[in-house]
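test case, fold it:
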Amino acid sequence: MALLLGVSRSGYYFHVNATPSRRFCEDAQLLKRITVLFENSRATYGSYRIRFCLAKDGMCIGRRRVVRLMKQAGLVAKKRRLFKKTTVVNKKLPVAQNILAQQFKASRPNEKWVSDISYVRTKEGWLYVAVVLDLFSRKVIGLAMGRSLHTELVNRAFRQAIQRRGMPTELLHHSDRGCQYTSHAFQELLNLYGVRCSMSGKGNCYDNAAMESFFATLKTECIYFEIFQTREEAKFKIFDYCEIFYNSQRLHSTLGYLHPNEIEALYFMSEKVVQ
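Predicted coordinates:
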């Protein structure tokens, strides 16, 4: 073997019997932890989030080292793609003013909710997904899925949010100008609960950027790498992502690398202390 490698016999046996360096052993242990974190993130965490997770474990590791080890192990996070936004507008229905005005930060839960609809391809046909987010924590509080884009879809998502959060006070609801949100049925639902209505400007996706960002994340991390045979399969996957992973585990850069449930728990804990 030494002859094949073009090295001396003594050099070959020294290399074979050499004790792994301390750095090598540390890297091996660190890579094990990185791999666990990456798998627990459902292959969605890049080096920034992995490094933050390590810091929460009490391990202060340089980002370059994390990048090197992830590259060495072939751990590549899912990358975001661009997707086309489609909104069906009914020009005969009145449109609310843009009260939100791209102010996506909230000082408390149930101060500002944002909503939107997206769609997922399955081999049975399209599955439409309506979501309500609370801007304070970016938590999914309303989720409805169905085979049609009727107003009842957004009504179900909103009613679920009300059921989970209770009767709101001084709540602002923001959406785009889609016909489901401008419909009489949805506007009556908002009025029933005393919710103020805000809508994006004409053709301005930035006015609902938080919602657009959520759907881009959902599609990147949950949908693009899947081929759904049925709508029910897609429903299960999306529900699992939103409730089990996104709300309870996924670190959100806007939230200081905490997950939505952590943010709300910290808020209510601080409220108890004040009281």
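
tell me where this protein has strands.
For the chain, strands defined by DSSP state E occupy the ranges 112-122, 125-134, 139-146, 172-175, 196-199.

so which elements touch the fourth one?
Using 3 or more Cβ pairs under 8 Å, 6 or more residues apart in numbering; DSSP states H and E as the contact criterion, the secondary-structure elements in contact with strand 172-175 are strand 112-122, strand 196-199. Where you see a C-beta, it was placed from the backbone N, CA and C, and this is true even at glycine.

pick the most deeply packed of these.
Mean neighbour counts were compared across these using mean count of other Cβ atoms under 10 Å; the top stretch is strand 112-122, at a mean of 21.

quick one: that strand to chain centroid distance?
Offset of strand 112-122 from its chain centre (Cα atoms, centre = their mean, to the nearest Å): 12 Å.

elements contacting that strand?
Secondary-structure packing of strand 112-122 (3+ Cβ pairs under 8 Å, 6+ apart): strand 125-134, helix 151-165, strand 172-175, helix 209-218, helix 231-239.

tabulate the helices and strands packed on strand 172-175 (CSV), appending mean pLDDT.
Below are the helices and strands packed on strand 172-175 laid out as CSV (pLDDT from 0 to 100):
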stretch, mean pLDDT
strand 112-122, 96
strand 196-199, 97
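
how about these in CSV, adding distance to residue 135?
Shown next, in CSV, are the helices and strands packed on strand 172-175 (distance: least, Cβ to Cβ, whole Å):
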stretch, distance to residue 135
strand 112-122, 4
strand 196-199, 11
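
out of those, which comes closest to residue 264?
Proximity to residue 264, assessed across the helices and strands packed on strand 172-175 by Cβ to Cβ, is greatest for strand 112-122 (13.9 Å).

and the helices and strands packed on strand 172-175: which comes nearest residue 249?
The nearest among these, by Cβ to Cβ, is strand 112-122 at 21.4 Å.

so the closest one versus strand 125-134, what angle?
Counting by axes from the mean of the first three to the mean of the last three Cα atoms, to 10 degrees, strand 112-122 points 160 degrees away from the direction of strand 125-134.

quickly list what the closest residue to residue 187 other than its chain neighbours is bridged to.
Excluding its sequence neighbours, the residue lying closest to residue 187 (Cβ to Cβ, 6 or more residues apart in numbering) is residue 197, at 6.8 Å. Under the criterion DSSP bridges, residue 197 forms beta bridges with residue 173.

residue contacts, residue 197?
96, 99, 173, 187, 190 (Cβ atoms under 8 Å, 6 or more residues apart in numbering).

ok, residues contacting the longest helix along the chain?
Scanning the chain for the helix with the most residues, using DSSP state H, yields helix 22-40. Applying Cβ under 8 Å, 6+ apart, the contact partners of helix 22-40 are 20, 45, 50, 53-54, 57, 59, 61, 65-66, 69-70, 72-73, 75, 77, 249.

buried stuff in it?
Across helix 22-40, burial judged by 16 or more other Cβ atoms under 10 Å covers 27, 30, 31, 33, 34, 37, 38.

one more: stretch 239-259?
Neighbour-count burial for stretch 239-259 flags 241, 242, 245, 246, 247, 250, 251, 252, 255, 257, 258, 259 (criterion: 16+ other Cβ under 10 Å).

and that stretch, how far from the chain's centre?
For stretch 239-259, the distance to the chain centre is 6 Å (Cα atoms, centre = their mean).

again, but for stretch 46-59
From the chain centre to the centre of stretch 46-59 is a distance of 18 Å (Cα atoms, centre = their mean).

quick revisit: TSV for the buried residues of stretch 239-259, including pLDDT and distance to residue 267?
What follows is the buried residues of stretch 239-259, written out as TSV (pLDDT from 0 to 100; distance: Cβ to Cβ, whole Å):
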residue	pLDDT	distance to residue 267
241	97	24
242	97	20
245	96	21
246	97	18
247	98	15
250	94	18
251	92	17
252	91	15
255	91	11
257	90	17
258	93	11
259	95	13
